[in-house]
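*Asks:* From the sequence below, what's the structure:
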Amino acid sequence: EEAGARRPRQAREGREGLPAGLAVALAGWNNGVGRWRHGWRGRIARILPEATPRRDRPPTAHAPMLSRLFAPRPRRFLLSQLLADEPGLAGAFTWRANRLPASLPDPLWLHFGCGENVLDGFVNLDFLPHDARVAEWDLLDPWPAPWPRPASGALSEDTLEHFFLAEQLYILCELNAALAPGAVARTLMPSYARLVEYCRGFAPRPGEFLHATFGVETEADAVNAGMRFSGHRWLHDDASLAHLARLAGFEAVKTSCAESTVPFLSGRNLRAEEGSAAFAHDLVKRVPVARTTLAPGELRGIEVVETVGEAIAFGEVREAGARVRWRLPRPVPVGGIACVNARGANLSSFREHSLKRLHFRGPWGEGAWALDETLKSKACMNLAMPAALALACGGADRVVEEIALEPGRPGDRVTIGPLELFAYAR
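*Replies:* Residues are numbered from 1 along each chain as shown. Okay, here's the model as predicted:
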């Protein structure tokens, strides 16, 4: 009989999440006496009186006390567990250095964002490789430094427009560091000017691409769709692309879609001027850009919980005004900086678009630049372009000795990584 009583007792304890044997230890709660059943149920009542509700006092009176005594200890959120369980989700807040294939051709020609257009004679790179001929490559993850040898040239088509402006500058700075002096990075993408011209006076007609694919019916909607469909984020005309190229140390030379100034890069285009908004430029490397990577020097008001992946610190913001600081090896003129990226993502706040700030310090004092979370493809990219640096520091003639990132508010969970500073090597 006792064995028979033990089984329902253990089953009930298992259902309620109580440790085995707990009910017997608390038998005194009902004076140890079963009051109203006989047979085996009555014996259970004598052994487990709290399992037999009293008619004059509901057992719920003890529930708050039990919940406080035996509530499970809350598990601390760990990025390592998220990486193990949901690597795709964790990848939105982390990064991993890009790696070239073990065997490289000579000469070295790079094809970025190749998709299914895999070209012979190139190292074909894409963030979603379609077959074994393509190496995985995230353009916003750190690139190799130094490269095994300078690349002879590069090609990208329908790729650069899928990133925001500051991200495009970051990519071109990394590409500059990869190329040999005078090498060409051939770029084909949709033209903002040609898109606007195409959409002027837009009216839906049978077979028209924007109408047939997206249901567009007005001129303004056609422009917006053209700038955003399929992940488009930032389009250029001749002047804006030339300006961006110059910031990354390139000279933009306008060409047709089919013909490059480099014969090996000619005839590689998927699209032509006819029937599309495509335009093409050869970006010629004129000024070398070098990347300096610095580990965080000081974490103020941030508790580091763990380190994952490639030296990615994961922590929690504990104080208002918390900062990650990087001390530069030597003072750098603001006008000599092509791009700055302070790697780190906020995993807690998604509604505030102006959440983070970059701070720049020098002998002149300190300035700050607010970062817009809506203008980034990857949460860990905290970028400043030359104009932002000059505005934050009060002029391009000043020098920077220290850079800091304000990553969030108290209670926010954050990842923390290196500072990437791209400077002109004149």
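*Asks:* Every contact and neighbour count from this point should use C-alpha atoms.
*Replies:* Will do.
*Asks:* and Leu100, what does it touch?
*Replies:* Leu100 makes contacts with Ala135, Pro144, as judged by C-alpha atoms under 8 Å, 6 or more residues apart in numbering.
*Asks:* Against Ala145, how distant is it?
*Replies:* Separation of Leu100 from Ala145 (C-alpha to C-alpha, to the nearest Å): 11 Å.
*Asks:* Bridging across strands, which residues link to Ala290?
*Replies:* Ala423 (DSSP bridges).
*Asks:* isn't it right up against Ala423?
*Replies:* Yes. Using C-alpha atoms under 8 Å, Ala290 is in contact with Ala423, at 5.6 Å.
*Asks:* which one of the two has more residues nearby?
*Replies:* In this view Ala290 and Ala423 are compared by other C-alpha atoms under 10 Å, and Ala423 has more residues nearby, 23 against 20.
*Asks:* quick one: low-confidence parts of the chain?
*Replies:* 1-74 (pLDDT under 70).
*Asks:* residue closest to the middle of it?
*Replies:* Closest residue to the average C-alpha location of the chain: Lys378 at 2.8 Å, with C-alpha atoms, centre = their mean.
*Asks:* Who's the closest spatial neighbour of it, skipping the chain neighbours?
*Replies:* Ala92 (6.4 Å; C-alpha to C-alpha, 6 or more residues apart in numbering).
*Asks:* That neighbour sits in which helix or strand?
*Replies:* Assigned by DSSP states H and E, Ala92 falls within no helix or strand.
*Asks:* For it, the count of nearby residues, please.
*Replies:* 14.
*Asks:* Glu274 versus that one, what's the distance?
*Replies:* Distance from Ala92 to Glu274, by C-alpha to C-alpha: 38 Å.
*Asks:* Next one: the residue nearest to Lys378 from Cys380, what distance?
*Replies:* Taking C-alpha to C-alpha, one finds Ala92 at 8 Å from Cys380.
*Asks:* ok, now Glu319?
*Replies:* Distance of Glu319 to Cys380, computed by C-alpha to C-alpha: 21 Å.
*Asks:* quick one: which of the two has more around it?
*Replies:* Taking other C-alpha under 10 Å, Glu319 and Cys380 do not tie; Cys380 has more neighbours (26 against 15).
*Asks:* Surely Arg361 forms part of a strand?
*Replies:* Yes. Counting by DSSP: H, G, I helix; E, B strand; the rest coil, Arg361 is found in a strand.
*Asks:* That one: what's it in contact with?
*Replies:* Arg361 makes contact with Gly367, Cys393, Val400, Glu401, Glu402, Ile403, according to C-alpha under 8 Å, 6+ apart.
*Asks:* what's the answer for Ala183, then?
*Replies:* Going by C-alpha under 8 Å, 6+ apart, the list of residues near Ala183 reads Ala151, Ser152, Gly153, Val284, Lys285.
*Asks:* Return the members of these classed as buried.
*Replies:* Among these, those classed as buried by 16 or more other C-alpha atoms under 10 Å are Ala151, Ser152, Gly153, Val284, Lys285.
*Asks:* Need those in TSV (columns: distance to Gly226).
*Replies:* What follows is the buried ones among the contacts of Ala183, written out as TSV (distance: C-alpha to C-alpha, whole Å):
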residue	distance to Gly226
Ala151	33
Ser152	33
Gly153	29
Val284	28
Lys285	30
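*Asks:* Helix, strand, or coil at Ala242?
*Replies:* Strictly by three-state DSSP, Ala242 counts as helix.
*Asks:* That one: how many residues sit nearby?
*Replies:* For Ala242, using other C-alpha under 10 Å, the count is 18.
*Asks:* That one against Gly249, yeah?
*Replies:* No. At 10.5 Å, Ala242 does not count as touching Gly249 under the criterion of C-alpha under 8 Å.
*Asks:* what's the spacing between the helix or strand Glu402 falls within and its chain's center?
*Replies:* Assessed by DSSP H and E, Glu402 sits inside strand 399-406. A distance of 22 Å separates the centroid of the chain from that of strand 399-406, by C-alpha atoms, centre = their mean, to the nearest Å.
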